[in-house]
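S.K.: Turn this into a model:
(one chain, ligands or ions: 2)
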Amino acid sequence: IDFIQTSLMPGADEAPKEPPISAAQKKKMTIDETRKSLPVFAFREEFIQAVKDHQVLIIEGETGSGKTTQLPQYLYEAGFCADKKRIGCTQPRRVAAMSVASRVAEEVGTKLGAVVGYSIRFEDCTSERTAIKYMTDGMLLREFMNEPDLASYSVMMIDEAHERTLHTDILFGLVKDIARFRPDLKLLISSATLDADKFSKFFDNAPIFRIPGRRFPVDIYYTKAPETDYVDAAVISILQIHMTQPLPGDILVFLTGQEEIENIQEALNERIKFLGSRIKELIVLPIYANLPSDMQVKIFEPTPPTARKVVLATNIAETSVTIDGITYVIDPGFVKQNSYDARSGIEQLNVVPIAKAAANQRAGRAGRTGPGKCFRLYTAWCYKHELEDQPTPEIQRTNLGNVVLLLLSIGINDLVHFDFLDPPPKETLIAALEHLYALGALNHKGELTTLGRKMAEFPTDPAMSKMILASDEYGCSEEIITIAAMLSVNASIFYRPKAMAVHADAARKGFWSPVGDHLTLLNVFNRWKETNFSTQWCMESFVQHRTMKRARDIREQLEALLERVEIEAKSTTDTEAIRKAIAAGYFYNLAKLDKGSFKTVKHRHTTQIHPNSSLFEDPPRWVMYYELVMTTKEFMREVIDVDPRWLSKIAPHYYKSNELEDATTKKTARKAGKSAAELQGK
Ligand code: ADP
Ligand code: MG
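M.R.: Numbering: from 1, shown residues only. Ligands and ions are numbered 1, 2, ... in the order given. All right, here's what the predicted structure looks like:
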């Protein structure tokens with residue numbers, strides 16, 4: 001067996017100094033005992049008093065101390081929900097909002113969606129009775145559109161403030177503003193790390209309420225040499241820990257995304273099978289944003305005393321979600337992060353090294369219930385010299401189109417002077433305004449148009465909102481909302497088990513549309529609909545049933561929104577009309593095949609069609625893509641074949657006519673005798 005040989009963990013066989021409290025032990029405690037065992041409990045009365053005394057309170061406390069689950073409950077118990085007012089609590093992540101709400105519902109002893117509920121994009125699990133409402137920061141932002149003073153809330157907790165997501169950052173400015181004319185609204189800004197002073201200063205020197213954490217020592221191990229393949233190194237380390245470290249003590253591994261998690265899960269399960277009874281039971285559990293909620297709860301189930309649990313997590317487990325019983329942390333040192341270049345308009349999701357602050361948060365997860373160990377799959381030198389101290393706030397590295405549209409629609413017109421904790425780059429703001437102008441959401445004075453107002457009703461990106469609204473003109477709103485829903489699921493639609501890859505690929509090709517992937521997605525949905533949404537059909541067709549159900553839910557909501565903006569449901573089989581509607585939203589993303597490779601028309605950025613696309617083998621000359629993704633190379637994902645002449649009508653103010661000219665036709669490009677694969681530099 002080749003995986004024990006790495007020497008990546010010096011001293012890995014050292015035993016912990018005192019046995020940790022196992023999750024199994026913890027399960028034996030009643031809910032009430034568990035609540036009382038949390039660090040915040042000792043400060044309950046003091047906290048309630050502080051909220052009574054101050055309008056704004058900054059809360060700082062170690063992850064897992066009980067801020068998210070307990071503080072809203074304390075205020076609820078102390079009567080802050082009189083007059084049907086609610087306590088709101090924002091989370092940067094969907095999974096966290098759902099998982100925390102379900103936990104708190106259990107603690108309160110109510111059904112989820114009754115006294116305790118949650119609201120995330122495309123899913124509202126609250127009711128009239130909901131007093132404690134967890135929601136994503138993006139959802140609260142949207143609530144400002146209907147309720148600019150947050151009148152239905154008595155308390156708003158902006159949680160995980162240290163994450164500095166774009167939406168949370170915007171919320172800081174908005175809640176600070178409304179606090180001035182709503183003296184009865186209590187604001188809590190809670191954070192896991194050391195930014196409390198910065199938050200305090202921003203909120204006019206609001207007092208800081210510190211909850212001292214309990215933290216056991218965590219030994220840090222580094223690799224001796226840099227690891228070239230951290231995925232492989234992670235698998236080896238997991239098994240190495242499992243085979244050499246005493247039970248109990250679960251393992252938490254930080255990975256960058258669903259695909260990586262699934263790969264490791266598969267690799268691990270294979271090795272476990274191979275090792276058979278030579279090792280103790282190892283339970284492999286994933287947690288990531290799109291994991292269905294029934295699977296999410298599994299990570300909280302106590303581990304049997306004869307087994308070990310390994311949780312494969314995205315950085316959701318860094319601070320948003322606390323899993324008890326973790327003794328070992330494996331930290332490859334990477335995170336998936338978006339970046340945006342305002343000049344070229346290019347947005348990317350890249351895997352980048354984490355910051356020191358994040359590395360220390362990750363390590364801290366091993367020392368919550370007893371002494372722990374953190375294995376960093378990078379060298380001590382790298383930690384010291386290559387990692388930044390703090391991550392860059394998202395507002396400084398992302399496209400602001402969505403947020404700008406939202407702010408304009410709630411009447412905030414002077415964006416340059418908006419009260420930002422850290423301002424975004426000016427170019428990014430300008431680029432967002434220009435993009436909205438090109439889409440027709442703004443007039444030349446920078447004011448919201450009727451179209452812009454309608455676009456803001458949709459919880460989708462401006463380009464998608466525009467595509468949906470444009471579908472009216474092309475008589476294809478039915479098809480376009482299906483496509484929008486399929487693009488919004490954010491999870492793979494097709495299922496491709498390794499052992500059946502050939503069948504899976506053949507099934508997928510059965511759905512292919514010759515004019516592009518959006519139409520392929522439409523085919524999948526419509527065929528599924530014809531079977532009356534059959535689960536069996538999904539299995540036979542290698543289509544993910546869960547993903548499809550989610551697409552159906554999203555579609556229903558988009559349908560309701562269409563009604564709200566008074567667009568009729570119209571259907572067509574004319575794929576050209578459908579592609580024109582898509583182009584009305586995504587005209588930015590036009591690329592042209594030029595001397596063997598695709599270049600974006602506006603910025604001459606070189607890119608290529610994703611091999612999964614139906615247009616990969618025999619690419620047309622002009623394509624429009626949905627997004628750019630970076631894997632081994634940069635790819636355009638979900639592309640359609642377009643005619644540049646459409647664009648002179650759809651986006652005349654955006655493209656100059658010479659940019660849309662075609663020197664050579666589609667046919668001559670192919671006649672050049674190169675295969676598509678060659679053309680794409682494969
Ligand atoms: P903080 O917000 O300070 O990081 P939390 O309130 O999230 O702390 O966590 C407090 C405790 O609640 C932790 O011990 C955590 O394990 C537990 N907890 C949170 N969510 C769940 C859940 N869905 N199921 C079981 N336990 C949970
Ligand atoms: Mg929390």
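
S.K.: strands paired with whichever strand or helix holds Val329, and their directions?
M.R.: Per DSSP states H and E, Val329 falls inside strand 326-331. With DSSP bridges as the test, strand 326-331 is paired with strand 250-254 (parallel), strand 372-376 (parallel).

S.K.: For the host helix or strand of His167, name the packing helices and strands.
M.R.: Taking DSSP H and E as the criterion, His167 maps to helix 166-181. Packing contacts for helix 166-181, counted by 3 or more CB pairs under 8 Å, 6 or more residues apart in numbering; DSSP states H and E, involve helix 137-146, strand 153-158, strand 186-191, helix 196-202, helix 401-409. Glycine gets a C-beta too; all of them are placed from N, C-alpha and C.

S.K.: List the buried residues in that helix.
M.R.: Buried residues in helix 166-181, counted by 16 or more other CB atoms under 10 Å: Leu166, His167, Thr168, Asp169, Ile170, Leu171, Phe172, Leu174, Val175, Lys176, Ile178, Ala179.

S.K.: Could you do stretch 83-103 as well?
M.R.: Buried-residue list, stretch 83-103, by 16+ other CB under 10 Å: 85-103.

S.K.: before we move on, back to that, could I get the helices and strands packed on helix 166-181 in a markdown table, plus columns for mean neighbour count and mean pLDDT?
M.R.: Shown next, in a markdown table, are those (neighbours: other CB atoms under 10 Å; pLDDT from 0 to 100):
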| stretch | mean neighbour count | mean pLDDT |
| --- | --- | --- |
| helix 137-146 | 20 | 95 |
| strand 153-158 | 24 | 98 |
| strand 186-191 | 25 | 96 |
| helix 196-202 | 17 | 93 |
| helix 401-409 | 22 | 95 |
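
S.K.: With distance to ligand 2 as added columns, please give those in JSON lines.
M.R.: Supplementary listing: these in JSON lines, determined by distance: least, CB to the ion, whole Å:
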{"stretch": "helix 137-146", "distance to ligand 2": "13"}
{"stretch": "strand 153-158", "distance to ligand 2": "10"}
{"stretch": "strand 186-191", "distance to ligand 2": "7"}
{"stretch": "helix 196-202", "distance to ligand 2": "15"}
{"stretch": "helix 401-409", "distance to ligand 2": "24"}
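
S.K.: Tell me which of those lies nearest to Lys549.
M.R.: Of all these, helix 137-146 sits nearest to Lys549, with 20.9 Å by CB to CB.

S.K.: For that closest one, which outside residues touch it?
M.R.: Residues outside helix 137-146 that contact it (CB atoms under 8 Å, 6 or more residues apart in numbering): 88, 90-92, 119-121, 135, 150, 156, 158, 165, 167-168, 170-171, 174, 403, 406, 409-410, 456, 459.

S.K.: repeat that with 6 Å
M.R.: Residues outside helix 137-146 that contact it (CB atoms under 6 Å, 6 or more residues apart in numbering): Thr90, Pro92, Ser119, His167, Thr168, Leu171, Ser409, Ile410.

S.K.: Can you name the two of those residues that sit furthest apart?
M.R.: Across the contacts of helix 137-146, the longest distance by CB to CB is 22.1 Å; it joins Pro92 and Ser409.

S.K.: what helices or strands is the helix or strand in which Tyr118 is found leaning on?
M.R.: Using DSSP H and E, Tyr118 sits within strand 116-120. Contacts defined by 3 or more CB pairs under 6 Å, 6 or more residues apart in numbering; DSSP states H and E place strand 116-120 against helix 94-108, strand 132-136.

S.K.: counting contacts, what elements does the following helix or strand past that strand pack onto?
M.R.: Next in sequence after strand 116-120, counting helices and strands by DSSP H and E, comes strand 123-125. Using 3+ CB pairs under 6 Å, 6+ apart as the contact test, no helix or strand touches strand 123-125.

S.K.: For the stretch 551-682 of the chain, just list every one of the helices.
M.R.: Under the criterion DSSP state H, counting those that start in this stretch, the stretch 551-682 of the chain contains helices at 575-586, 644-650, 666-671, 676-679.

S.K.: What residue in the stretch 501-650 of the chain comes nearest to ligand 1?
M.R.: Arg546 (19.8 Å; CB to the nearest ligand atom).

S.K.: Confirm that that residue sits in a helix.
M.R.: Yes - assessed by DSSP: H, G, I helix; E, B strand; the rest coil, Arg546 belongs to a helix.

S.K.: That one: neighbour count?
M.R.: Using other CB atoms under 10 Å, Arg546 is surrounded by 17 other residues.

S.K.: Noted, bye for now.
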